[in-house]
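Enquirer: No letters, just coordinates:
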Ligand code: TXA
Ligand code: MG
């Protein structure tokens, strides 16, 4: 495995069927060419991910969506126009391009146009090398299955470094700007349904489409239901008042809360985010820090459910439900 900073080298690795951990604005992904079954198989093996958990296909531009998805409803176009490139994934009926090895055998495909400039360059270069403007990079978050997603290249190296091969690469693009995974919207019904909350909120979806967000979906999104995103430390959600009366001198307990919430004496402050966007940005590195410090427990005061706050609460609840 090589740690690199040139997106051309990442595109070359992918071209040759190798894996490239790639920076995106949400979290780092473990990428492979979406048209190479043997490369995709290595992604599943490195992550320890069950084979029926489908991957997100990252494409260069909304103009290539038709190569991957069919029967795209008008509201999905509205969402793509409003939020691509960006932290939004659309689930749509698949075309033949989206093989069973990417979709987990489902008849839908998840597609996203990422915004990180290095990731976009990798996609452009790979399209140039292959002569295929619609080429896709399938990339799940670059963590072991069920664990916390990586938001820096160093996180990826710690988590997957030993599982990658000599020709695989990790492209360093700095810390992820959003910090939690993309919003996934099921676009197979007559209205959008959010399968996984992210930076694009339900209010954003309604603003872009003029439609109320639906609450039932027939689409299966494995990995969004079970407990997930868990560090080794036990995560407990508490209100600010309860935190202040937490046991003092408990040197093995970490605290994660907005900056306005003070740290009780004896507890280890992991981070002091200044608002919901900042909370999303620091969330995963704070949970990793808890493990690095050997803490046994993290008391987390959830942010308000506005904007990406809903996604932070969602991830904290999953982390708290075990792992
Ligand atoms: O922000 C993100 O989305 C990151 C970056 C790397 O793009 N990727 C990411 O991938 O979070 P992953 O594999 O960790 O999570 C993808 C989720 C899984 O829960 C999977 O079940 C769901 O997307 N998914 C993928 N294809 C689907 C499909 N056809 N129908 C329903 N859910 C799907
Ligand atoms: Mg993941």
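Expert: Okay, I see it. Please read all numbers here as calculations on a predicted model, not as lab measurements. Ligands and ions are numbered 1, 2, ... in the order given.

Enquirer: Residue 145 reaches residue 47, doesn't it?
Expert: Yes - Residue 145 is in contact with residue 47 according to Cβ atoms under 8 Å; the separation is 5.2 Å. To be clear about C-beta, it is placed using only N, CA and C from the backbone, and glycine gets the same treatment.

Enquirer: Between those two, point out the one with more neighbours.
Expert: Using other Cβ atoms under 10 Å as the criterion, residue 145 and residue 47 rank with residue 47 on top: 22 against 15.

Enquirer: Which residue, other than its chain neighbours, is closest to residue 277?
Expert: Once flanking residues are discounted, residue 277 sits nearest to residue 308: 6.0 Å by Cβ to Cβ, 6 or more residues apart in numbering.

Enquirer: I'd say that neighbour and residue 280 touch.
Expert: Yes - using Cβ under 8 Å, residue 308 is in contact with residue 280, at 4.5 Å.

Enquirer: returning to that earlier point: distance-wise, check the residue nearest to residue 277 relative to residue 275.
Expert: Distance, residue 308 to residue 275, by Cβ to Cβ, to the nearest Å: 10 Å.

Enquirer: Compare those two (neighbour count), which wins?
Expert: More crowded of residue 308 and residue 275, by other Cβ under 10 Å: residue 308, with 27 against 17.

Enquirer: Give me the pLDDT for that one.
Expert: Residue 308 is assigned 97 on the pLDDT scale.

Enquirer: Contact partners for it?
Expert: Applying Cβ atoms under 8 Å, 6 or more residues apart in numbering to residue 308 gives the contacts 178, 180, 198-199, 201, 276-277, 279-280.

Enquirer: is ligand 1 contacted by stretch 137-154?
Expert: Yes - with Cβ under 6 Å from any ligand atom as the measure, stretch 137-154 is seen reaching ligand 1 through 139-141.

Enquirer: sorry, back to before: quickly list what's touching both of residue 308 and residue 280.
Expert: Here residue 308 and residue 280 share the contacting residues 178, 180, 199, scored by Cβ under 8 Å, 6+ apart.

Enquirer: Distance to residue 245 for the residues you listed - can I get that in TSV?
Expert: Formatted as TSV, those follow (distance: Cβ to Cβ, whole Å):
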residue	distance to residue 245
178	34
180	29
199	33
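
Enquirer: Mind giving me the PyMOL command for buried ones among the residues you listed?
Expert: Buried subset of the shared contacts of residue 308 and residue 280, written as a PyMOL selection, criterion 16 or more other Cβ atoms under 10 Å:
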select buried, resi 178+180+199
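
Enquirer: That's all I had, so thanks and see you.
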